[in-house]
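Asker: The following comprises the amino acid sequence and a computationally predicted model.
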Amino acid sequence: MTIDERIAMNFRALAHPRRAAIFRLLTEDPEVGATYRSLQMASGLCDASLIHHLRDMERCGLIRRHRRGAEVAYRLESATFCRTVALAHSMATDARLSLANGPRAA
């Protein structure tokens with residue numbers, strides 16, 4: 001997978017309001033994460049919808065599922081997201097600097 005595909009996949013995953021809300025819930029305690037049940041209660045999503053959104057976020061590496069006793073919990077994979085945001089920020093900064101320096105002579 002190219003870096004461009006990785007960036008697009010991460011931002012596409014967060015472009016949906018429900019996945020953005022799940023992401024926000026997981027940022028409240030990134031080290032511990034949240035159980036499936038707590039995410040369901042906080043988001044108000046039905047099982048099918050929550051599972052769908054969690055799987056999309058897992059596929060692109062934004063979150064990771066793990067067992068916490070008898071429960072399933074989810075935790076942010078913040079390194080993946082931070083790399084994506086840092087790269088996007090760097091690209092935007094380079095573009096802004098390029099515009100500030102004006103067009104180059106051929």
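Answerer: The structure has been received and is ready for your questions.

Asker: Please count neighbours and contacts with C-alpha atoms only from this point.
Answerer: Fine.

Asker: Mind pulling the model confidence for Gly44?
Answerer: Per-residue pLDDT puts Gly44 at 95.

Asker: repeat for Arg68
Answerer: With respect to pLDDT, Arg68 has a value of 83.

Asker: How is the closest residue to Asp47 other than its chain neighbours assigned, secondary-structure-wise?
Answerer: Distances taken as CA to CA, 6 or more residues apart in numbering place Gln40 nearest to Asp47, at 7.5 Å, with adjacent residues excluded. On the three-state scheme (DSSP: H, G, I helix; E, B strand; the rest coil), Gln40 is labelled helix.

Asker: For this protein, spot the helix or strand the model is least confident about on average.
Answerer: Across the helices and strands of the chain, mean pLDDT, DSSP states H and E gives its lowest value to helix 78-100, namely a mean of 80.

Asker: now for that helix, which elements pack on it?
Answerer: Here helix 78-100 is seen to pack against helix 3-14 when contacts are counted using 3 or more CA pairs under 8 Å, 6 or more residues apart in numbering; DSSP states H and E.

Asker: ok, back up a step: list the buried residues for the least confident helix or strand of the chain?
Answerer: Judged by neighbour count using 16 or more other CA atoms under 10 Å, the buried positions of helix 78-100 are Ser78, Thr80, Phe81, Thr84.

Asker: cool, and stretch 37-51?
Answerer: Quick answer for stretch 37-51 (16+ other CA under 10 Å): Leu39, Gln40, Leu50.

Asker: re the thing from before, could you quantify the relative orientation of the least confident helix or strand of the chain and helix 3-14 as an angle?
Answerer: Per axes from the mean of the first three to the mean of the last three CA atoms, to 10 degrees, the angle that helix 78-100 makes with helix 3-14 is 110 degrees.

Asker: Let me know the angle separating the helix or strand where Leu54 lies from helix 3-14.
Answerer: Under the assignment given by DSSP states H and E, the secondary-structure element containing Leu54 is helix 47-59. Between helix 47-59 and helix 3-14, the angle comes out at 160 degrees (the same axes, to 10 degrees).
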